[in-house]
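# Provided below are the primary sequence and the corresponding predicted coordinates.
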Amino acid sequence: MLRLGLATAVSLLLLVSGVFSQRVARKPLPTEPLEKYDNSPAVAAPILEISPALVSPFGPYTSYQVNVDANGNNRVGDAANEPSICVDRNNPNRMSIGWRQFNSVASNFRQAGFAYTTTGGTRWIAPGVLQNNVFRSDPVLNSDNAGSFFYLSLLATFFDDLWRSITGGQSWTLVGPADGGDKQWFTIDNTNSSGHGFQYQCWSTDGNNYGGRQFTRSTNGGLTWMNPINIPNSPAWGTLDVDSTGNLFIGGVNLITNGIWCVRSTNAKNGAITPTFDQSTHVNLGGDIVFGQPINPEGLVGQVFLAADRSGTSTNDNVYMLASVQPSGFTIGSDVMFLRSTNGGTTFNAPVRINDDAVNHAKWHWFGTFSVAPGGRIDAVWYDMRNSPNNVTSQLFYSYSTDGGDGWSANVAVSNPFNPFIGYPNQQKIGDYITVVSDDAGANVAYAATFNGEEDIYYVRIPPSAAVAQRNLGNISTRSLVQTDEHVMIGGFIVQGTGTKRVIIRAIGPELTEFGITDPLANPRLELYNGTGALIGTNDDWQTTIIGGVITRNQVSDIQNSGLAPTAASESAIIADLQPGNYTAIVRGVNDTMGVALVEVYDFNPGAGSTLGNISTRSFVQTGEHVMIGGFIVQGSGAKRVIIRAIGPELTQFGITNPLANPTLELHNGTGALIGSNDNWQTTILGGIITSNQVSDIQNSGHVPTAASESAIIANLQPGNYTAIVRGVNNTTGVALVEAYDLN
């Protein structure tokens with residue numbers, strides 16, 4: 001289908017908006033375990049093929065593959081998800097990550113994978129699994145003050161066992177059985193309280209061998225565990241932590257009522273008694289925990305994370321909760337929401353939305369998680385679809401707070417985009433969670449991604465100093481009638497900045513029939529030129545790569561994995577890594593055929609050291625569905641100041657003999673609403689985002705049109721999708737240019 005946010009008719013935008021705002025009943029949470037034994041280990045063939053471990057740079061951030069073999073190589077054909085990370089508190093270069101290891105995507109039989117690093121995450125070694133051919137799931141790792149690592153693992157029986165490493169995760173020794181159940185989590189009291197060294201564990205009410213009892217404690221390093229007890233209001237799918245005095249807090253969701261709870265025990269730190277829970281607070285995260293959604297069909301959109309501040313600063317003993325929730329009243333999309341308590345979990349503030357993009361219930365912000373650094377900084381990470389034009393690809397995003405969650409830094413993408421719907425190991429999900437551990441210099445993140453077409457585990461180090469606001473123009477598209485000679489469609493764009501920009505350029509024709517276009521360009525051909533006019537890439541039918549210029553290898557697999565593969569074999573696409581400069585994409589019909597087409601440029605790495613900007617497309621403007629429609633997306637955080645122009649008579653200077661004499665310009669937002677218009681730039685039309693006379697601003701912009709009959713609008717645009725439509729006054733026709741320039 002046509003990608004959301006691309007150049008489409010206003011009626012389509014309005015239709016999409018209406019669909020996304022429907023409100024229906026929430027899907028109930030499942031009443032069965034999320035983890036269960038299914039395929040036998042015999043189905044999983046051994047890994048025979050290897051390839052180099054993937055390193056994925058993205059601007060100032062680099063992700064390193066973790067699920068490798070004993071020699072540090074990728075194992076082709078396996079899958080891995082649900083990573084949990086722990087860090088040596090005395091030597092932060094030593095870390096270990098555990099995950100669900102699937103030896104073959106043909107089987108969902110999973111084992112307890114693990115890897116270690118001694119180089120701060122730049123190289124990982126994975127010696128194997130905890131036990132060969134033993135079903136294991138839901139890995140949770142933690143560390144104590146002495147530098148010992150612990151690995152809590154769920155067995156097929158819905159009991160857990162605990163493993164310990166004194167070698168930084170290089171080898172593990174079984175400590176013993178650890179009670180537990182489905183979706184277990186544990187924490188270690190590393191404070192100086194009377195509970196120092198105690199381990200606390202909770203798990204779900206489903207996959208539960210104790211009649212619904214969900215909590216246990218070990219006072220001897222996991223050697224033995226007390227008889228499990230009930231937790232008030234039965235919070236599940238959550239985590240737990242202790243404050244600076246050793247008070248214990250548990251967060252989770254009741255699987256029957258969907259209520260989210262924070263439960264406290266002030267005497268769990270007393271090893272001489274059975275703990276009791278003195279407080280249970282129902283919290284409002286602005287939405288619900290959901291399961292089985294399109295973004296992760298057989299898994300969670302996110303679980304409940306809880307952490308306490310032990311910084312000794314003004315935020316000491318704050319209790320925080322965070323989750324990716326589906327906003328109340330909606331049945332698609334999710335946001336990363338945050339809560340804070342300053343009084344020991346008795347009350348919480350109103351929920352704060354951390355993802356700072358424009359509200360769009362078609363977008364998923366999922367697998368949200370966070371941690372608190374020793375100095376009190378809060379680091380949050382999640383998967384985010386805001387930059388995905390077709391709601392397929394996600395990126396890892398990051399934000400931090402230094403004031404206890406009152407204010408959050410501008411969101412930044414810290415990974416390349418990936419398609420979470422590929423590489424499934426006979427189980428349609430990419431796990432249920434990702435994890436992060438913070439120190440005062442940055443965040444250590446373990447996450448799953450499909451950069452190489454498989455589900456793999458990656459590590460990325462995120463220093464807060466590198467997180468800067470990003471406000472980019474991107475994901476550019478224009479639809480118009482393609483004819484021949486000077487009436488072909490010509491799209492121009494500029495890569496700005498210092499770094500290489502990875503893009504996909506597409507020429508779409510037959511797909512437009514799905515949206516009422518009766519005369520699409522049946523076989524569009526795409527050509528890419530650099531600023532000198534040299535042809536640097538071409539394609540005719542995306543399933544056949546034409547090697548040459550910037551295209552150095554077969555691109556079919558990359559296009560398929562991008563989430564932006566054209567729907568018709570006759571449509572064209574090019575993936576290119578472009579240095580800063582000017583570029584032109586030309587769309588023609590094979591054998592000089594004619595029809596309506598769409599030319600598009602998508603930014604694969606909007607967080608890199610370069611941006612797309614100064615966008616223009618030239619084509620022949622007619623009437624009805626053959627007017628020119630240009631689409632662009634403002635990405636990132638904060639307003640973007642742009643000038644949009646509709647140019648006609650000026651084109652005679654460049655040999656165009658039939659320019660559009662009097663072009664009019666309309667600007668629509670992502671809902672399809674008209675937010676600005678102009679006919680003759682020297683006469684401002686007030687309304688929508690245009691609140692004052694713009695003539696002087698246009699004259700001072702450096703982009704003033706040369707003809708009085710040409711049109712221009714200056715706008716301060718919030719992140720979101722925008723569409724510019726160019727028509728001829730009184731249905732006149734001719735060649736025109738639609739442009740969007742970044743004035744920031």
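On my side now, so go ahead. Numbering: from 1, shown residues only.

# Ser371 contacts Ala443, doesn't it?
Yes - taking Cβ atoms under 8 Å as the definition, Ser371 is a contact partner of Ala443 at 6.9 Å. No exception for glycine: its C-beta is placed from N, CA and C like everyone else's.

# Can you work out which residues contact both of the two?
Asp379, Val436, Val437 (Cβ atoms under 8 Å, 6 or more residues apart in numbering).

# I'd like to know which elements the helix or strand hosting the second one is packed against.
Val436 belongs to strand 435-439 when elements are defined using DSSP states H and E. The contact analysis (3 or more Cβ pairs under 8 Å, 6 or more residues apart in numbering; DSSP states H and E) places strand 435-439 against strand 79-87, strand 365-372, strand 378-384, strand 442-449.

# buried subset of the shared contacts of Ser371 and Ala443?
Taking 16 or more other Cβ atoms under 10 Å as the criterion, what is buried in these is Asp379, Val436, Val437.

# Just the helices from the stretch 451-600 of the chain, written as ranges.
Here the stretch 451-600 of the chain has its helices, by DSSP state H, counting those that start in this stretch, at 556-561.

# cool, and the chain?
10-20, 556-561, 695-699 (DSSP state H).

# For stretch 683-692, which residues meet the burial criterion?
Buried residues in stretch 683-692, defined by neighbour count with 16+ other Cβ under 10 Å: Thr684, Ile685, Gly688, Ile690.

# what pLDDT, on average, does it get?
The average pLDDT within stretch 683-692 is 93.

# Just the terminal-to-terminal distance for it.
One end of stretch 683-692 to the other measures 11 Å (Cα to Cα, to the nearest Å).

# And it, how far out from the chain middle?
The chain centroid and the centroid of stretch 683-692 are separated by 36 Å under Cα atoms, centre = their mean, to the nearest Å.

# ok, and what's touching it?
667, 673-679, 693-695, 713, 715-717.

# same thing with stretch 261-280?
By Cβ under 8 Å, 6+ apart, the residues outside stretch 261-280 that reach it are 189, 193-195, 198, 200, 215, 217, 219, 226, 229, 231-233, 235, 242, 246-254, 281-283, 306, 319, 321, 341, 344-346, 348.

# Just the buried residues out of those, in PyMOL syntax.
Selection command for PyMOL covering only the buried members of the contacts of stretch 261-280, criterion 16+ other Cβ under 10 Å:
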select buried, resi 189+193+195+198+200+215+217+219+231+233+235+242+246+247+248+249+250+251+252+253+254+281+283+306+319+321+341+344+345+348
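
# can you list the buried ones among the shared contacts of Ser371 and Ala443 in JSON lines and add distance to Ile430 and pLDDT?
Shown next, in JSON lines, are those (distance: Cβ to Cβ, whole Å; pLDDT from 0 to 100):
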{"residue": "Asp379", "distance to Ile430": "21", "pLDDT": "97"}
{"residue": "Val436", "distance to Ile430": "17", "pLDDT": "98"}
{"residue": "Val437", "distance to Ile430": "20", "pLDDT": "98"}
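
# and which of those is nearest to Ala126?
Nearest to Ala126, judged by Cβ to Cβ, of those is Val437 at 18.9 Å.

# can you pull the buried residues of stretch 170-178?
Gln170, Trp172, Val175, Ala178.

# For the last one, give me phi and psi.
Ala178 has phi and psi values of phi -140, psi 30 when expressed as degrees, to the nearest 10.

# pLDDT score for it?
At Ala178, pLDDT is 98.

# Tell me which residues touch Tyr458, please.
Tyr458 touches Leu54, Ser56, Ser63, Tyr64, Gln65, Val66, Ser415, Ala446, Tyr447, Ala448, Ala449, Phe451, counting by Cβ under 8 Å, 6+ apart.

# how about a markdown table for those, with pLDDT added?
Formatted as a markdown table, these follow (pLDDT from 0 to 100):
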| residue | pLDDT |
| --- | --- |
| Leu54 | 95 |
| Ser56 | 94 |
| Ser63 | 97 |
| Tyr64 | 97 |
| Gln65 | 97 |
| Val66 | 98 |
| Ser415 | 95 |
| Ala446 | 98 |
| Tyr447 | 98 |
| Ala448 | 98 |
| Ala449 | 98 |
| Phe451 | 95 |
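
# So of the contacts of stretch 683-692, which two are at opposite extremes in space?
Ala673 and Val695 (24.6 Å).

# Looking at the contacts of stretch 683-692, spot the one nearest Ser84.
Nearest to Ser84 among these, counting by Cβ to Cβ, is Leu717 at 40.2 Å.

# Which strand residues bridge the closest one?
Legend: beta-bridge partners of Leu717 under DSSP bridges are Lys640.

# Give the full set of residues in contact with it.
Counting by Cβ under 8 Å, 6+ apart, Leu717 makes contact with Val634, Ala639, Lys640, Arg641, Val642, Ile689.

# Burial check on the third one, number of neighbours?
Translated: Lys640. Using other Cβ atoms under 10 Å, Lys640 has 25 neighbouring residues.

# Low-confidence stretches in the protein?
Within the chain, the segments meeting pLDDT under 70 span 1-26, 31-32, 36, 42-48, 466-475, 498-499, 604-615, 635-638, 744.

# residues touching the residue in the chain sticking out farthest from the centre, list them.
The outermost residue of the chain relative to its centre, with distances by Cα atoms, centre = their mean, is Thr657 at 46.7 Å. Residues counted as contacts of Thr657 (Cβ under 8 Å, 6+ apart) are Glu486.

# ok, it to Ala272 distance?
Distance, Thr657 to Ala272, using Cβ to Cβ, to the nearest Å: 94 Å.

# same deal with Ile250?
For Ile250, the distance to Ala272 - Cβ to Cβ - is 21 Å.

# now do Val381
Distance from Val381 to Ala272, by Cβ to Cβ: 39 Å.

# These two: who's more crowded?
Under the neighbour definition other Cβ under 10 Å, Val381 and Ala272 were set side by side, and Val381 has more, 28 against 7.

# I'd say that one and Tyr398 touch.
Yes - here Val381 lies in contact with Tyr398, judged by Cβ under 8 Å, at a distance of 5.2 Å.

# Give me the common contacts of those two.
Counting by Cβ under 8 Å, 6+ apart, the contacts common to Val381 and Tyr398 are Val414, Ala443, Val445, Ile462.

# Please tell me I have it right and the second one contacts Ile462.
Spelled out, that is Ala443. Yes - using Cβ under 8 Å as the test, Ala443 is close enough to Ile462 to be in contact (4.4 Å).

# Give me the number of neighbouring residues for Asn582.
Residue neighbour count, defined by other Cβ under 10 Å, stands at 14 for Asn582.

# Tell me, how many residues neighbour Val359?
11.

# meant to ask about Asp69
Residue crowding around Asp69 was assessed by other Cβ under 10 Å; the count is 17.
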